[in-house]
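Asks: how would this look folded up:
(one chain, ligands or ions: 2)
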Amino acid sequence: MTASPAPRIVVALDGPASSGKSSVGIAVAQRLGLRFLDTGLIYRALTALALREGVAPEDQPAVIALIPRFELADDGSGRLARVLVDGADETDAVRSHEVDAAVSAVARQPDVRAALLGLQRRIAAPGGIVMAGRDIGTVVLPAAGLKVYLDASVGERAGRRIRERGLDPQGDEAAAVREQLRTRDAADSGRAVAPLRAAEDAVVLRTDGMGLDEVVDLVAGLVVAAETGGAATAPGVAGEPVAGANRPAAGTPSRSRPSPAPAAREPLPRVLEVAMRLDNQQTMLVRMVARIAQWIGHALAAISIEGLENIPRRGAVIIAANHASNADPIYAGAWVSDALRTRRLHWLGKRELFFWPVFGWICALGGIHPVDRSSADIEAYRLASRILERGYVLMIFPEGTRSPTGALQEAKDGVAQLALRSGAQIVPMAINGSDLVWPKGRRFPAPFPRRRVRVRIGQPFLVADVVPPATDRRAAKTAATTAIMGRIAELLEPRQRGAYAGAVRASATEGTARDPA
Ligand code: CDP
Ligand code: CDP
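Replies: Ligands and ions are numbered 1, 2, ... in the order given. As a prediction, this is how the structure comes out:
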């Protein structure tokens, strides 16, 4: 007896208008050999029929009676993208302005939605499909194998539509596109039945600033991970977890489908979106936050900083620091931020940070970019790569989590991978003694007795210079990780060198690192 192959995954892909559901869904489906259906087409087909027959959207029994008259047909490439009405192809007609204007009124009728459920579920039943819409993860297919919620700010989505249609961004038509998106967002989110929202177990992807290919890679990675039951990885990211770059307490990617942190489901407060744009401008506000952080740093310990001049003024830079205390972001960031002058320091941080009052605002101004832990480490990696591609400065704690002992722990592979791929200059940074000021496991810092925190910044280097030529990828990563962590260890007191005490070069320690008095 031969076992029939297991049915393939059902993917629910939801999100607001122009978030990229169709373009991303079609590309992912094509790449992975899945079918694709944009359920918007169903509402559009029904709306077109109702308009033609003169049926009012509110006349629900009459609208429902129209359902058997349309059908969705394959366009020849696995996409259910053709609409047949009474057997004739009406695909173009369903995208008309008239349908645009009337579709929301039809879509908010509860009995009509209920009547369409069976159709959508029947299409999904054999499996192997990406189904896009507004309520697929929440209502239509609550048991989908993977739920992805694509999101982006109105500005970003409008920008995409404006570019797609070749409009003048300053013109009236562009203004109308923005306005129409806002109206449709409000109608789809505010309606009583099946409103637009992310399912509790959806992976939420904010795609501001991300190109289509990037989002497609990400989603395809999630689908592959969900189908194979493996950790979420994106094609081309080598299946490796990425070091938690300033992601305190961030877990390793889960083997099962990731479940989101509560905050992942909520949009970020709008005011923060402005502060956390991926740009390279250090504003007065950023400087002010750095100054405040310096005061806090001084209040907690006697602080000395050495080697700020070693940070390159140009090009992509990874500053890699040890991580032993909640106070590290202050010691790693406040003075560096000042020294960078007009350049901005970028970090990655868990999304939950941004929901704390005041603190969230400080994080955003401090150059921390939110990473949704539910999408595991791919999102962190992609974001970090973008920061470096643009030639910015990225701060990373390669160990991922704080050391419980204050001594270096094994680093994750991510920093080496980023360094090898981006060609960024690496600046090692050692934060000496912060573990005594605020050890892991303590709720509050201990400013008394007064301790000394000594931050030491080493010479920049390129990992290409420390990895022997023609080493295979895995060996190259190990060599790069050892080199980066070894350089940090060289700047640390011997008691904090931990896992990398053996990677310290003899020449580097002469007369320098000493345990504090
Ligand atoms: O124009 P766009 O591609 O953004 O929209 P669409 O996906 O074609 O959907 C058109 C309209 O149908 C939306 O504005 C929603 O009101 C409705 N719709 C829905 O209510 N539920 C779905 N699952 C899909 C679409
Ligand atoms: O289906 P939905 O309304 O969610 O959006 P779409 O029609 O797939 O995407 C709207 C436009 O944004 C298309 O021109 C896409 O090519 C573009 N897009 C983009 O430029 N970058 C993304 N990350 C996603 C979509």
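Asks: use CA for all of it now, contacts and neighbours both
Replies: Noted.
Asks: name the residue of the stretch 151-300 of the chain that lies nearest to ligand 1.
Replies: Nearest residue of the stretch 151-300 of the chain to ligand 1 (C-alpha to the nearest ligand atom) works out as residue 188 at 5.3 Å.
Asks: determine the longest strand present in the chain.
Replies: Ranked by residue count and defined by DSSP state E, the top strand of the chain is strand 425-432.
Asks: average pLDDT across that one?
Replies: If you average the pLDDT over strand 425-432, you get 97.
Asks: in the stretch 101-250 of the chain, where is pLDDT below threshold?
Replies: 229-250 (pLDDT under 70).
Asks: what parts of it come near ligand 2?
Replies: Contact residues (C-alpha under 6 Å from any ligand atom) of the stretch 101-250 of the chain with ligand 2: 160, 161, 164, 207, 210, 211, 212, 215.
Asks: which ones among those residues lie within helices?
Replies: In helices, judged by DSSP state H, the following of those are found: 160, 161, 164, 212, 215.
Asks: neighbour-wise, which of the residues you listed leads?
Replies: Greatest neighbour count in those, by other C-alpha atoms under 10 Å, goes to residue 215: 24 neighbours.
Asks: now it: how far from residue 28?
Replies: Going from residue 215 to residue 28 by C-alpha to C-alpha, to the nearest Å gives 9 Å.
Asks: between the residues of the stretch 101-250 of the chain next to ligand 2, which is nearest residue 319?
Replies: residue 210 (23.7 Å; C-alpha to C-alpha).
Asks: give me the nearest residue to residue 369, chain neighbours excluded.
Replies: residue 348 (4.8 Å; C-alpha to C-alpha, 6 or more residues apart in numbering).
Asks: quick check: the one you found is in a strand.
Replies: Yes - counting by DSSP: H, G, I helix; E, B strand; the rest coil, residue 348 is found in a strand.
Asks: what does the chain put close to ligand 1?
Replies: 17-18, 39-41, 43, 103-104, 107, 133-136, 184, 188.
Asks: helix or strand for the residue nearest to the spatial centre of the chain, which one?
Replies: The centroid of the chain falls nearest to residue 379 when counting by C-alpha atoms, centre = their mean (3.9 Å). Using DSSP states H and E, residue 379 maps to helix 378-389.
Asks: excluding its backbone neighbours, what's nearest the residue nearest to the centre of the chain?
Replies: Nearest residue to residue 379, sequence neighbours excluded (C-alpha to C-alpha, 6+ apart): residue 371, at 6.6 Å.
Asks: so who does that neighbour touch?
Replies: The neighbourhood of residue 371, defined by C-alpha atoms under 8 Å, 6 or more residues apart in numbering, consists of 348, 349, 350, 351, 379, 380.
Asks: let's have those residues in CSV, adding pLDDT.
Replies: Shown next, in CSV, are the contacts of residue 371 (pLDDT from 0 to 100):
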residue, pLDDT
348, 86
349, 81
350, 77
351, 77
379, 70
380, 77
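Asks: now flag whichever of those residues is closest to residue 68.
Replies: The closest of the contacts of residue 371, once distances to residue 68 are taken by C-alpha to C-alpha, is residue 379, at 42.5 Å.
Asks: I'd say the closest one and residue 221 touch.
Replies: No - using C-alpha atoms under 8 Å, residue 379 is not in contact with residue 221; the gap is 10.5 Å.
Asks: what sits closest to residue 403 if chain neighbours are left out?
Replies: Nearest to residue 403 is residue 324, by C-alpha to C-alpha, 6+ apart, at 4.7 Å.
Asks: cool, and residue 202?
Replies: residue 147 (4.6 Å).
Asks: now swap in residue 502 and tell me
Replies: Using C-alpha to C-alpha, 6+ apart, the nearest residue to residue 502 is residue 486, at 7.9 Å.
Asks: now do the contacts for the one you found.
Replies: By C-alpha under 8 Å, 6+ apart, the contact set of residue 486 is 500, 501, 502, 503, 504, 505.
Asks: can you dump the C-alpha coordinates of the helix or strand it falls within into CSV?
Replies: Here residue 486, judged by DSSP H and E, is contained in helix 473-491. Taking C-alpha atoms only, helix 473-491 is exported to CSV below (Å, rounded to 0.1, in the frame of the first residue of the first chain):
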residue,chain,number,x,y,z
ARG,A,473,31.1,29.0,4.4
ARG,A,474,30.7,27.2,7.7
ALA,A,475,34.4,27.5,8.6
ALA,A,476,34.4,31.1,7.4
LYS,A,477,31.6,31.9,9.9
THR,A,478,33.4,30.2,12.7
ALA,A,479,36.6,32.0,12.0
ALA,A,480,34.8,35.4,11.7
THR,A,481,32.9,34.8,15.0
THR,A,482,36.0,33.8,16.8
ALA,A,483,37.9,36.9,15.5
ILE,A,484,35.1,39.3,16.4
MET,A,485,34.6,37.8,19.9
GLY,A,486,38.3,37.5,20.4
ARG,A,487,38.8,41.2,19.7
ILE,A,488,36.0,42.0,22.2
ALA,A,489,37.7,39.7,24.8
GLU,A,490,41.0,41.5,24.3
LEU,A,491,39.4,44.7,25.5
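Asks: now it: buried residues?
Replies: The neighbour-count check on helix 473-491 (16 or more other C-alpha atoms under 10 Å) flags 476-491 as buried.
Asks: ok, now stretch 409-417?
Replies: 409, 410, 411, 412, 413, 414, 415, 416, 417.
Asks: would the last one count as being in a helix?
Replies: So the one you mean is residue 417. Yes - Residue 417 sits within a helix when classified using three-state DSSP.
Asks: need the max-distance pair from the buried residues of stretch 409-417.
Replies: Spatial extent of the buried residues of stretch 409-417 (C-alpha to C-alpha) is set by the pair 409 and 417 at 17.9 Å.
Asks: what values do phi and psi take at residue 119?
Replies: In this entry, residue 119 is assigned phi and psi values of phi -60, psi -50 (degrees, to the nearest 10).
Asks: got the residues of the protein near ligand 2?
Replies: Counting by C-alpha under 6 Å from any ligand atom, the chain comes close to ligand 2 at 17-23, 160-161, 164, 207, 210-212, 215.
Asks: can you rerun that using 5 Å?
Replies: 17, 18, 19, 20, 21, 22, 23, 160, 164, 211, 212 (C-alpha under 5 Å from any ligand atom).
Asks: filter the residues you listed down to the buried ones.
Replies: Judged by 16+ other C-alpha under 10 Å, buried ones among the residues of the chain next to ligand 2: 17, 18, 19, 20, 21, 22.
Asks: mind putting those residues into a markdown table with pLDDT and secondary structure?
Replies: Formatted as a markdown table, those follow (pLDDT from 0 to 100; DSSP: H, G, I helix; E, B strand; the rest coil):
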| residue | pLDDT | secondary structure |
| --- | --- | --- |
| 17 | 88 | coil |
| 18 | 88 | coil |
| 19 | 93 | coil |
| 20 | 93 | coil |
| 21 | 95 | helix |
| 22 | 93 | helix |
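Asks: nearest to residue 367, of the residues you listed?
Replies: Looking across those and measuring by C-alpha to C-alpha, the closest to residue 367 is residue 19, at 24.8 Å.
Asks: for the closest one, give me phi and psi.
Replies: Backbone torsions of residue 19, given as degrees, to the nearest 10, read phi -80, psi -10.
Asks: pretty sure it contacts residue 151?
Replies: Yes - assessed by C-alpha under 8 Å, residue 19 is found in contact with residue 151 at 5.6 Å.
Asks: quick check: neighbours shared by the two?
Replies: residue 207.
Asks: once you drop chain neighbours, what's closest to the closest residue to ligand 2 within the stretch 101-250 of the chain?
Replies: Ranked by C-alpha to the nearest ligand atom, the top residue of the stretch 101-250 of the chain for proximity to ligand 2 is residue 212, at 3.7 Å. Distances taken as C-alpha to C-alpha, 6+ apart place residue 24 nearest to residue 212, at 6.9 Å, with adjacent residues excluded.
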